[in-house]
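Colleague: Any chance you could fold what I've pasted below:
(chains A and B)
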There are 2 protein chains.
Amino acid sequence: MKHFADRLNAAVRRCQTPALVGLDPRLDNLPRAIVAAASERTNSPAKAAASAFEEFCSRIIDVVAPLVPAVKPQAAFFEQHGPAGCAALHNVIRQARAAGLIVICDAKRGDIGSTAEAYADAYLAGKSPDAAAWGADALTVNPYLGADTLQPFVRTAIERGAGIYVLVRTSNPGASTFQDRESDGRKLYQHVAATVEALNTETLGESGFGIVGAVVGATYPAELSELRQQMPHTPFLVPGYGSQGAGAADVASGFTANGLGALVNSSRGINFAWQRAPYREHFSEDQWEQAVEAATRDMIAEFAEQTPAGALREQ
Amino acid sequence: MKHFADRLNAAVRRCQTPALVGLDPRLDNLPRAIVAAASERTNSPAKAAASAFEEFCSRIIDVVAPLVPAVKPQAAFFEQHGPAGCAALHNVIRQARAAGLIVICDAKRGDIGSTAEAYADAYLAGKSPDAAAWGADALTVNPYLGADTLQPFVRTAIERGAGIYVLVRTSNPGASTFQDRESDGRKLYQHVAATVEALNTETLGESGFGIVGAVVGATYPAELSELRQQMPHTPFLVPGYGSQGAGAADVASGFTANGLGALVNSSRGINFAWQRAPYREHFSEDQWEQAVEAATRDMIAEFAEQTPAGALREQ
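Modeller: Modelled structure (predicted):
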């Protein structure tokens, strides 16, 4: 099976959950033992940070690989530590793929013409991790530059069995600044949504979804519900759950009736669970991996109980 | 002098030109001798490509550093070759800074909250190259996610004497898809322009420009002219000259009367001049650096004769 959405839906069904674990390593939040051990391996602060990120993410991958279908490394935190950080991102993607996880690289790339082709070629490996330098299954993409700039990503994704997730309605407080501007009876994000849905009608897999996903923030549940109706063939990536304030009820309308159609992401709430309520009451810093597992299992249980994702059990 | 626009304008005045040389290395277009030599240094295709890119860009930097104020490496082409490519980008930025050039990293980043902070911290070194992992003076940024997502970039830029260039009206054929959508009597790119100009009124330097630039394509001269009026305090980065079809007359309206206010970029037309008319008639592949110099000098002469940049001579 090569089609991205078919692979994704098979993984969601196998794990019986749409939970997506973000990998957002931040040096100040890492377990001190990992940072200390990394500092002993090199005198370069950037290389030490990168080494610590790789260790941290690798251990999260070990914990969550049996539980969830996919992970989403955030490129910015790796790039913050320069070329060494980029090498760590590369290795983390490979480790996640080797563990059987679908990897969505959250890098929000976008450019014109042959430059967009270069980004697509760089990140979109699809079915075979060796098909691209960074080995990801999918990449987040910014639509501002225009519909023609999405085409190189779509073409490469089709060729390689990869996917993209186009920013439609983001989860930040100021998302409305430009995304809510209304023209011809529709807001900007709805025009972007129409472009994305149209691209999918040409790339449908057996599961009824295309390979061009949409990023739709859980922090705007009304928009999420409306976009689920407007984009029946589009897989969603839903950020904003957990640390950004949205709960299971807020994401419920992002799914189709059979529990498919959306991956819901939690990053900090899982990565740093041992620093946060309620887990910090139960787990010490040395037990941070148990806290990661508990937070992941709790998210999975919440989705199963409070959203159509519960229907995945019967499939 | 720490303010980005003041540093930039001083460099433009010193060189008497607003010519910006893009660094767009593409493996298929590189001089064969450089690719062959790089292949002998390593068995890894990615490392060989990265090594060839570094050599190629380093030699372009040597040619253009005495002639132009700034260079613009395109991150996508480096990222295409994975972590090794990223290391090459890092080294190219450092070499350009060491040669006295202002470096605009064209990576079109953008994200929310603390993730945007991570990108800003990663790229925006400003006055001191060591202040950020990637050491650039400025970074191109995508506004789709909202005005609040520009703030972390602006804050870091102010702190470090760096700048950003926000995508306003891009140079691609499909730029109009979303950027021309009209609401409240203005097109989307005009709303973005208003946001950018407003940010600049709080960051003005002695030269009368702020640190939040705008990317405005030369391929849309009417919009360029109109935006120059709408954004009197905003430095422009104008792509689309040369290979994308725009000429000196098309970019003329992007300048203020004294020849400031815009950098005009040419990438392929300079990088690969020896493969293109009229230079391929005069230079062999071995003479590619002479072709780079000739194309750069010709661009400078065109701007001096056909745009307000000619006024720089009298300052």
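Colleague: the strands in the stretch 1-150 of chain A, which residues?
Modeller: A:19-23, A:70-73, A:102-109, A:138-141 (DSSP state E, counting those that start in this stretch).
Colleague: most tightly surrounded among those strands?
Modeller: For the strands of the stretch 1-150 of chain A, the largest average neighbour count (mean count of other CB atoms under 10 Å in any protein chain shown) is found in strand A:138-141, namely a mean of 29. For the C-beta atoms, the positions are set from N, CA and C on the backbone; glycine is no exception.
Colleague: Which other helices and strands does the next helix or strand after that strand contact?
Modeller: Counting by DSSP states H and E, the next helix or strand C-terminal to strand A:138-141 is helix A:151-160. Counting contacts by 3 or more CB pairs under 8 Å, 6 or more residues apart in numbering or on different chains; DSSP states H and E, helix A:151-160 is packed against helix A:113-123, strand A:138-141, strand A:163-169.
Colleague: Partner strands of the second one, with direction?
Modeller: Going back to what we said before, that points to strand A:138-141. strand A:102-109 (parallel), strand A:163-169 (parallel) (DSSP bridges).
Colleague: ok, residues contacting that strand?
Modeller: A:4, A:102-110, A:119-120, A:123-124, A:150, A:153, A:157, A:162-167, A:213, A:215, A:237 (CB atoms under 8 Å, 6 or more residues apart in numbering or on different chains).
Colleague: ok, now the last one?
Modeller: Contacting residues not belonging to strand A:163-169 are listed as A:4-5, A:8, A:104, A:108, A:124, A:126, A:137-143, A:150, A:153-154, A:157, A:175, A:179, A:189, A:192-193, A:195-196, A:211-217, A:220, A:223-224, A:227, A:235, A:237, B:144-145 [CB under 8 Å, 6+ apart].
Colleague: again, only using 7 Å
Modeller: Applying CB atoms under 7 Å, 6 or more residues apart in numbering or on different chains, the contact partners of strand A:163-169 are A:4-5, A:104, A:108, A:137-143, A:150, A:153-154, A:157, A:175, A:179, A:189, A:192-193, A:196, A:211-217, A:220, A:223, A:227, A:237, B:144-145.
Colleague: same thing with stretch A:62-69?
Modeller: The contact list for stretch A:62-69, computed with CB under 7 Å, 6+ apart, reads A:8, A:11-12, A:15, A:17, A:19-21, A:71, A:99-102, A:289, A:292-293, A:296-297, A:300.
Colleague: Give me the buried subset of those.
Modeller: When the contacts of stretch A:62-69 are checked for burial by 16 or more other CB atoms under 10 Å in any protein chain shown, the buried set is A:8, A:11-12, A:15, A:17, A:19-21, A:71, A:101-102, A:289, A:292-293, A:296, A:300.
Colleague: re the thing from before, relative to residue A:272, tell me which of the strands of the stretch 1-150 of chain A wins on proximity.
Modeller: The closest of the strands of the stretch 1-150 of chain A to residue A:272 is strand A:19-23. By CB to CB, the value is 11.1 Å.
Colleague: Just the CA trace of the closest one, in CSV.
Modeller: Output in CSV follows, covering the C-alpha atoms of strand A:19-23 (Å, rounded to 0.1, in the frame of the first residue of the first chain):
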residue,chain,number,x,y,z
ALA,A,19,-3.4,10.4,18.7
LEU,A,20,-0.4,12.1,17.2
VAL,A,21,2.6,12.8,19.5
GLY,A,22,4.6,15.9,18.7
LEU,A,23,8.3,15.9,19.3
